[in-house]
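Enquirer: Here is a sequence with its predicted model. Questions after.
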Amino acid sequence: MGQKIDLNSIPNHVAIIMDGNGRWAQARNLPRSAGHKEGVEVIRKIALAANEIGVKALTLYAFSTENWKRSLAEVKYLMQLPELFFNKFLPELIEHDIKVRVIGFEEKVPPLTQSVIKQAEKRTMHCKGLQLNFAFNYGSRAEIVHAVQEIAKKVSVGTLQVESINEETIRTHLLTAPLMPFDDVDYLIRTSHEERLSNFLLWQNAYSEFYFSDVYWPDFTTEMFFDAIAAYQKRNRRFGGVSDKKEKE
Ligand code: V0D
């Protein structure tokens, strides 16, 4: 705890699966919505902390295409969280030069929620600090299917040759293309003792380091976030080769 962070080797793109909000609430005999509400506060703290140390992109997994299977009441509540979040924090995000972007599929998202999201993206378009991304109604397999469809369309109208399709082609057709050059995840954090990817940024996590925290998301603190960053800095990333350090030793 309380280890020093090297500001010269901060991961560019940190992704977080914010798990355990429902369980946090259940453990306190509170409704699940209380856990979600508490979780929103934690997003604020972690986004400010990430911005502070120079993380370029922070992507939060807030809702997946599978979450539609939950109760109607909970889905309805979840759909109001972007509005709650931006009503509370948008001025503060702008103050700190944080740029907001939502990745996911618009279908099934209520029109009011869609317009709240568009507004927030528009009002932070000029920001130059942290790029704060919400994966909202997002699923990575659906993202890949969508990319393949877009690529196939280009082939069928003749603007793209099959032989020229490569990793770059796929990369630029994923929902994370606007995050380039930081679209690849460097560090994936998941809270609440679960050690799964859950259909989150499958392509983009190809070479990322994973970090699992035992605490529920509403209990995750800035200090724990910094500890996770310190742990990242102790690792030796190889990207399938010998070392990421270019012939230093
Ligand atoms: C619930 C913990 C903010 C995770 C945080 C519907 C579970 C609170 C957003 C949000 C959620 C989404 C898009 C956006 C701005 C904010 C959010 C969901 C859940 C999924 F543009 N919190 N939050 N979205 N929870």
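Expert: That came in fine, so what should we check first?

Enquirer: Contact residues of this protein facing the ligand?
Expert: By C-beta under 6 Å from any ligand atom, the residues of the chain that approach the ligand are 18, 21, 36, 39-40, 43, 62-63, 78, 81-82, 85, 102, 117, 134, 136, 217. In this view, the C-beta of every residue, glycine as well, is placed from N, C-alpha and C.

Enquirer: Select only the buried ones of these in ChimeraX?
Expert: A single ChimeraX command selects the buried members of the residues of the chain next to the ligand (16 or more other C-beta atoms under 10 Å):
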select :18,21,36,39,40,43,62,63,78,81,82,85,102,117,134,136,217
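
Enquirer: Could you list which of the residues of the chain next to the ligand belong to helices?
Expert: The helices, defined by DSSP state H, take in N21, H36, G39, V40, I43, L78, L81, P82, F85, I117 from those.

Enquirer: Would you format the residues you listed as CSV with pLDDT included?
Expert: Listed next are these as CSV, based on pLDDT from 0 to 100:
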residue, pLDDT
N21, 92
H36, 91
G39, 96
V40, 96
I43, 98
L78, 90
L81, 94
P82, 95
F85, 96
I117, 97
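
Enquirer: with those residues in mind, which one is nearest to F212?
Expert: Proximity of those to F212 (C-beta to C-beta) peaks at N21, which lies at 16.5 Å.

Enquirer: That closest one contacts G39, correct?
Expert: Yes - in this structure N21 lies within contact range of G39 using C-beta atoms under 8 Å: 4.5 Å.

Enquirer: okay, and the common contacts of the two?
Expert: Residues touching both N21 and G39 (C-beta atoms under 8 Å, 6 or more residues apart in numbering): W217, P218.

Enquirer: what helix or strand is the residue nearest the centre of the chain on?
Expert: Centroid-nearest residue in the chain, with C-alpha atoms, centre = their mean: T59, separated by 1.9 Å. For T59, the host element (DSSP states H and E) is strand 57-61.

Enquirer: Partner strands of that strand and their direction?
Expert: As defined by DSSP bridges, the strand partners of strand 57-61 come to strand 13-17 (parallel), strand 131-135 (parallel).

Enquirer: Distance from the chain centre to that strand, please.
Expert: 2 Å (C-alpha atoms, centre = their mean, to the nearest Å).

Enquirer: same deal with stretch 26-40?
Expert: Stretch 26-40 sits 21 Å away from the centroid of its parent chain (C-alpha atoms, centre = their mean).

Enquirer: So which elements touch the worst-scoring helix or strand of the chain on mean pLDDT?
Expert: Least confident element among the helices and strands of the chain, by mean pLDDT, DSSP states H and E: helix 72-79 (a mean of 88). In this structure, helix 72-79 packs against helix 32-53, with contacts taken as 3 or more C-beta pairs under 8 Å, 6 or more residues apart in numbering; DSSP states H and E.

Enquirer: just how off-centre is the helix it packs on within its chain?
Expert: The answer for helix 32-53 is 13 Å, by C-alpha atoms, centre = their mean.

Enquirer: buried residues in it?
Expert: Residues 32-40, 42-43, 46-51, 53 are the ones in helix 32-53 that count as buried (16+ other C-beta under 10 Å).
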